[in-house]
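> how would this look folded up:
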Amino acid sequence: MRTIRALSAAASLACLALAPVAQAQWSAPVTISMPHEFIGGFAGGLQAAGGLGGTLVSWTFQDGLGMHPTRGARAATARPGGAFGMERALPASFLTGPMVSIGAGRLAQLILTPRALNQTRPSVSLGSGAGGFGAPLPIRGTVYAGRSSLAGNVYGDLLASWIAADVHGGHRVVWASMRRAGGAFAPPEVLARGTSAEGVSAAIGRSGRMVVVFDSGRGRLRARMRDAHGGWGTTRDLGTAAIHTENDVTPFVSCIGEVVVAWYHTQLCEGGCVSPGYIDVAVRPAAGRDFIATRVLERDATGIQGAPAGVSLAPVILEVPWFAPRIAFLASSGRAAPGSPPNPTAVRVSHPNGAGYLASGSRYSTPLTLSPPGEQASGLAGVAGMDGELLTWIRQDPPGYFDGTVFASVTPFTLPTGRFGAPEQVSPSENVSTVRAAFDSASRWPQNPIVPWTLAWTARPAGEGPGVSVRTLVRVSAPLCSPPRPDPACAGAG
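Have a look, this model is predicted:
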């Protein structure tokens with residue numbers, strides 16, 4: 001381990017001592033979809049996934065209103081370092097659930113097939129960034145009202161979790177089923193009965209350690225963990241959660257097996273009442289037996305309300321392989337000043353205390369503000385790879401502050417544990433409403449001069465009215481060098 005650290009330090013110093021070959025810059029945006037009345041307006045939304053096979057961007061669309069609108073799913077793919085091809089149709093069942101990357105350019109799509117009122121059957125179709133998908137793998141179980149989660153690791157292991165209930169939402173049970181790479185989904189296991197859970201989230205790391213997180217429905221957030229060769233542990237109480245309203249949760253398992261759960265919660269109610277908003281984080285160290293005390297990263301006197309608009313405010317957790325993960329989130333940034341948005345919000349980042357290989361994120365720093373002051377940020381997304389990390393968000397623009405402009409910030413490729421760089425405007429002001437990011441692990445220097453970030457967003461370049469399109473761009477440069485990477489398999493899903 002001392003040798004690895006020495007090599008990393010030497011490589012970093014060498015990079016700093018030499019001038020960069022080229023200044024990173026963003027390419028011009030290109031449109032990759034036909035215009036539609038709505039894009040990503042229902043289950044699925046805009047997805048982006050990258051890997052050795054290329055990058056895939058997928059989306060749902062709707063044309064027309066009333067009783068008989070036209071709906072469907074579409075995708076476009078790009079080879080490593082290449083341009084996107086023509087959009088093509090995906091099966092109608094796609095994007096009913098999440099699509100996740102499982103390493104080496106492979107993807108897994110959770111499919112929810114209607115069975116009865118508020119009930120669907122889950123299955124998973126495996127594919128690649130090149131766009132091909134196989135026959136769905138069945139999962140025994142029934143999902144209530146789409147409340148499900150899918151996670152994967154770089155070896156192709158998958159973990160599905162979901163809430164089952166009767167057609168009216170009663171008698172709720174939290175279930176989980178795992179699949180080892182190359183196999184079938186195992187018989188489902190009950191994780192919780194007698195709960196009023198509203199949501200469930202899952203994560204699995206490269207070691208096979210996994211975690212499923214769900215709210216109790218009574219004001220607490222709970223988790224169950226499992227190691228690769230053991231059974232599910234006892235239920236752990238992580239901390240406070242809102243009751244039936246705004247709980248947006250992100251679980252994460254690092255490359256060394258550390259479990260990080262970060263969540264945003266605020267209690268919503270009728271009549272215009274205002275409740276505080278919180279970002280909490282709970283960590284189980286890789287060698288620990290339990291979670292350490294939950295820490296409040298942020299407390300805002302006025303919470304941000306994402307649930308009424310169908311928007312998740314779940315924190316973004318990013319990890320450069322073998323470095324401690326960091327947490328980014330949206331936070332209220334005080335009262336509106338003259339000429340500023342009515343509800344200013346900022347992108348904030350909490351860094352792990354300490355840096356270096358095998359660092360722990362068990363103690364996070366006071367969050368730092370990344371976005372410019374006096375703006376209203378929304379739609380935070382992020383992606384990490386073996387060369388660094390990227391955060392992207394939308395600056396809401398007047399007059400209505402509903403749509404806006406894409407901004408992004410990246411970490412230096414020579415020092416992937418360094419602070420994020422200055423935010424850059426990467427799109428025109430073209431009524432952007434959703435943004436996603438992807439990392440292409442095949443396009444790293446020195447094999448390819450394309451630095452592997454791809455951004456995709458929905459926009460109305462012509463202004464209000466019909467004509468929503470999917471637009472993309474990539475970041476172009478030739479970084480001089482990067483620190484050594486002790487395990488290339490440890491990228492992407494963690």
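> quick one, phi/psi of Cys255?
Backbone torsions of Cys255, given as degrees, to the nearest 10, read phi -60, psi -30.
> count of neighbours near it?
Cys255: 27 surrounding residues under other CB atoms under 10 Å. Just so you know, the C-beta spots here come from the backbone N, C-alpha and C atoms, and that holds for glycine as well.
> wait, it sits on Pro321?
Yes - in terms of CB atoms under 8 Å, Cys255 counts as a neighbour of Pro321; the distance is 5.2 Å.
> ranges for the helices of the chain?
Using DSSP state H, the helices of the chain run over 2-17.
> Give me the distance between Pro367 and Phe252.
As judged by CB to CB, to the nearest Å, Pro367 and Phe252 stand 17 Å apart.
> And Ala262, how far from Arg179?
Distance, Ala262 to Arg179, by CB to CB: 26 Å.
> How about Leu137?
In this view, Leu137 and Arg179 are 7 Å apart by CB to CB.
> Neighbour count: Pro367 and Phe252, which is higher?
Taking other CB under 10 Å, Pro367 and Phe252 do not tie; Phe252 has more neighbours (25 against 19).
> Who does the residue lying closest to that one once chain neighbours are set aside form a beta bridge with?
Using CB to CB, 6 or more residues apart in numbering and skipping residues adjacent in sequence, the residue nearest Phe252 is Ile317, 4.1 Å away. Ile317 has the following beta-bridge partners by DSSP bridges: Ile327.
> neighbours of Ile317, just the number please.
Neighbour tally, Ile317, other CB under 10 Å: 24.
> doesn't Asp215 make contact with Gly199?
Yes - when contacts are counted by CB under 8 Å, Gly199 is listed as touching Asp215 (6.1 Å).
> what touches both of the two?
Shared contacts of Gly199 and Asp215, defined by CB atoms under 8 Å, 6 or more residues apart in numbering, are found at Asn247, Val249.
> Could you check which of the two has the larger neighbour count?
More crowded of Gly199 and Asp215, by other CB under 10 Å: Asp215, with 25 against 20.
> For that one, give me its contacts.
By CB under 8 Å, 6+ apart, Asp215 lies in contact with Ala197, Glu198, Gly199, Leu221, Arg222, Ala241, Ala242, Asn247, Val249.
> give the contact list for the spatially closest residue to Trp162 that is not a sequence neighbour.
In space, and not counting its chain neighbours, Trp162 is closest to Ser148: 3.9 Å by CB to CB, 6+ apart. Applying CB under 8 Å, 6+ apart to Ser148 gives the contacts Gly97, Leu110, Leu112, Pro122, Ala160, Ser161, Trp162, Ile163, Val200.
> any idea how far Glu87 is from Ser148?
Ser148 sits 27 Å away from Glu87, taking CB to CB as the criterion.
> now do Arg460
As judged by CB to CB, Arg460 and Glu87 stand 18 Å apart.
> Could you report the neighbour count for the nearest residue to Ile279 once chain neighbours are set aside?
Nearest residue to Ile279, sequence neighbours excluded (CB to CB, 6+ apart): Glu298, at 4.0 Å. If you count neighbours by other CB under 10 Å, Glu298 ends up with 21.
> same check, this time on Val143
Val143 is flanked by 27 other residues according to other CB under 10 Å.
> got it, and Ile279?
Neighbours of Ile279 (other CB under 10 Å): 25.
> Also the one 5 residues further on?
Applying the criterion other CB under 10 Å, we find 23 residues in the vicinity of Arg284.
> Tell me the spacing between it and Ile292.
From Arg284 across to Ile292, the span is 7 Å (CB to CB).
> who touches Ile139 in this structure?
Applying CB under 8 Å, 6+ apart to Ile139 gives the contacts Arg121, Pro122, Ser123, Val124, Ala160, Ser177, Phe185, Pro188.
> Put together JSON lines for those, with distance to Gly310 on each row.
What follows is the contacts of Ile139, written out as JSON lines (distance: CB to CB, whole Å):
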{"residue": "Arg121", "distance to Gly310": "24"}
{"residue": "Pro122", "distance to Gly310": "21"}
{"residue": "Ser123", "distance to Gly310": "25"}
{"residue": "Val124", "distance to Gly310": "24"}
{"residue": "Ala160", "distance to Gly310": "23"}
{"residue": "Ser177", "distance to Gly310": "27"}
{"residue": "Phe185", "distance to Gly310": "29"}
{"residue": "Pro188", "distance to Gly310": "28"}
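> Filter those residues down to the buried ones, PyMOL style.
Per 16 or more other CB atoms under 10 Å, the buried members of those correspond to this PyMOL selection:
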select buried, resi 121+122+123+124+160+177+185+188
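> The contacts of Ile139 in strands, which ones?
Counting by DSSP state E, the part of the contacts of Ile139 found in strands is Arg121, Pro122, Ser123, Val124, Ala160, Ser177.
> can you list residues touching both of Leu137 and Arg179?
By CB under 8 Å, 6+ apart, Leu137 and Arg179 have these common neighbours: Val124, Phe185.
> and stretch 277-290, which residues are buried?
Buried residues in stretch 277-290 (16+ other CB under 10 Å): Gly277, Tyr278, Ile279, Asp280, Val281, Ala282, Val283, Arg284, Pro285, Ala286.
> was I right about the fourth one contacting Gly239?
Yes - the pair Asp280 and Gly239 passes the contact test of CB under 8 Å, sitting 5.3 Å apart.
> which residues do those two both contact?
In terms of CB under 8 Å, 6+ apart, Asp280 and Gly239 are both contacted by the residues Leu221, Thr294.
> Just confirm Gln396 contacts Pro341, I think it does.
Yes - if you go by CB under 8 Å, Gln396 and Pro341 touch, sitting 6.1 Å apart.
> what about these two, which has more around it?
Neighbour count, other CB under 10 Å: between Gln396 and Pro341, Gln396 has more, with 23 against 19.
> how close does the more buried one sit to Gly404?
Gln396 sits 4 Å away from Gly404 when distances are taken as CB to CB.
> Ranking helices and strands of this protein by mean pLDDT, which lands last?
Ranked by mean pLDDT, DSSP states H and E, the weakest helix or strand in the chain is helix 2-17, scoring a mean of 35.
> what's the closest non-adjacent residue to Leu368?
Excluding its sequence neighbours, the residue lying closest to Leu368 (CB to CB, 6+ apart) is Val349, at 5.6 Å.
> Now for that neighbour: which residues touch it?
Applying CB under 8 Å, 6+ apart, we find Val349 in contact with Arg326, Ile327, Ala328, Pro367, Leu368, Leu370, Leu391, Phe420.
> pLDDT wise, what is the last one at?
Right, Phe420. For Phe420, the model assigns a pLDDT of 90.
> what's the neighbour count on it?
Using other CB under 10 Å, Phe420 has 23 other residues around it.
> you'd agree it is up against Trp393?
No - shown here, Phe420 and Trp393 do not form a contact pair, counting by CB under 8 Å, at 11.7 Å.
> Gly152 against Ile204, yeah?
Yes - using CB under 8 Å, Gly152 is in contact with Ile204, at 6.5 Å.
> before we move on, the earlier item: any idea how far the residue nearest to Trp162 is from Leu110?
According to CB to CB, Ser148 stands 6 Å off from Leu110.
> again, but for Thr366
Distance, Thr366 to Leu110, by CB to CB: 37 Å.
> Ok, Gly421 next?
34 Å.
> Specify which residue of those two has the higher count of neighbours.
Legend: neighbour count by other CB under 10 Å for Gly421 and Leu110, higher for Leu110 (26 against 15).
> The nearest residue to that one once chain neighbours are set aside: neighbour count?
Residue nearest to Leu110 in three dimensions, not counting chain neighbours: Gly97, with 3.1 Å by CB to CB, 6+ apart. Neighbours of Gly97 under the rule other CB under 10 Å: 25.
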